[in-house]
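> Got a predicted structure here, sequence first:
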Amino acid sequence: MKKRFLLSSAAVGVLSTFFAYFLVSDSDVHAQTSARSINKTASVKTTNENSSRFTHAAARNLRLRSSLQWAFGGKTQIGWNIYVPLISHTIGTDNRPDTAEFAFAVSKWQENRGLTATGIVDRETLESFTKYWQSRRLGRAGLSSADSLITAPIAEFWDPSRSPDLLQLERQTYAAYKRMIAAAAAELGSDPTSGKFLRIISSYRSPAYQEALRKREPNAGRAALAKNSPHSTGHALDIYVGGEPVKTEDSNRLLQVQTPAYKWMVKNAERFGFYPYFYEPWHWEYVPGRVDR
Ligand SMILES: [Zn+2]
């Protein structure tokens, strides 16, 4: 009876997936020998301790997601609200970041990365995410000899008045982009480019054009300022995901990461060889056949 009581009180907890891992079915419980039911009681106790641990972690995450101080690009950053879709995808959960389920999934990531499995997205854990995301990017600048540029139709671009010499991108990247847009249309159940969503803002940028951009817009985002821009490969695309197309202000990025277009990209772009630059929701890089480093 005591065992049953413990089981049902555990079931009141919120970690349903966690429990599924630990609990055996009712008939199995009846079949237990007394020795094994002692083990069972012990594991239920562990489950309860974990449940309270992750409830506590969830409360910490609720605060840290809008208050954690960390540094990126020579700037102090506040919180990780903007990166919730990417974090959720990376740790494989659809649960909200203020839930014990989310904290549990974070703890599994931490375990795999050799970090203390607290379930809390603290500075160290957030940096383990950004390091992982950055490791999946192109990692080079400039055209390689195998790259060939083609010119895409102006209709694919966010700005209908974009200069004809700024419509180039690498051939395979364009083919993959077209496949991705077709899939988005089928899966989002509407024309994904209505409202210009998922249209190309910027693609190949020659070193000369990049230099002109640097001079013209000294206050532009880091990518626009970069000397060795991934856009010089023809494999990087800025894709419209909402709001101001390429403004790095937190409020703009927070708006962008909540659009269906961005959320779809986070979950599906990899299937087509596209990987995100976490800091710029619009910037995606085509890295086909990449393997995790
Ligand atoms: Zn870009």
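Yep, it's here.
> And the strands in the stretch 101-250 of the chain?
Counting by DSSP state E, counting those that start in this stretch, the stretch 101-250 of the chain has strands at residues 149-151, 168-170, 200-202, 236-239.
> Deepest in the core, which of those strands is it.
Comparing those by mean neighbour count (mean count of other C-beta atoms under 10 Å), strand 236-239 ranks first with a mean of 26. The C-beta positions use only the backbone N, C-alpha and C, and glycine is treated the same way.
> Which residues does it contact?
Under the criterion C-beta atoms under 8 Å, 6 or more residues apart in numbering, residues 138, 169, 173, 177, 198-203, 229-231, 245-246, 265, 274, 280, 282-286 lie in contact with strand 236-239.
> Buried ones only from those residues, please, as a PyMOL command.
Buried residues within the contacts of strand 236-239, by 16 or more other C-beta atoms under 10 Å, are selected in PyMOL with:
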select buried, resi 169+173+177+198+199+200+201+202+203+229+230+231+245+246+265+274+280+282+283+284+285+286
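> Inside helices: which ones of the contacts of strand 236-239?
Residues of the contacts of strand 236-239 located in helices (DSSP state H): Thr173, Tyr177, Met265.
> Kindly state the beta-bridge partners for the closest residue to the second one other than its chain neighbours.
It refers to Tyr177. Leaving aside its sequence neighbours, Tyr177 sits nearest to Leu237 (C-beta to C-beta, 6 or more residues apart in numbering; 6.5 Å). Partner residues in beta bridges with Leu237, using DSSP bridges, are Trp284.
> how near is the residue of the chain found nearest the ion to Gly139?
Nearest residue of the chain to the ion (C-beta to the ion) works out as His283 at 3.6 Å. In this view, His283 and Gly139 are 14 Å apart by C-beta to C-beta, to the nearest Å.
> Under the pLDDT cut-off, which ranges of the chain? List them.
Along the chain, the model assigns pLDDT under 70 to residues 1-46, 190-193, 218-226, 290-293.
> ok, now which ones touch the residue nearest to the spatial centre of it?
Note on the chain: the residue nearest the mean C-alpha position is Leu86, at 1.7 Å, using C-alpha atoms, centre = their mean. Residues near Leu86 by C-beta under 8 Å, 6+ apart: Phe129, Trp133, Val266, Pro276, Phe278.
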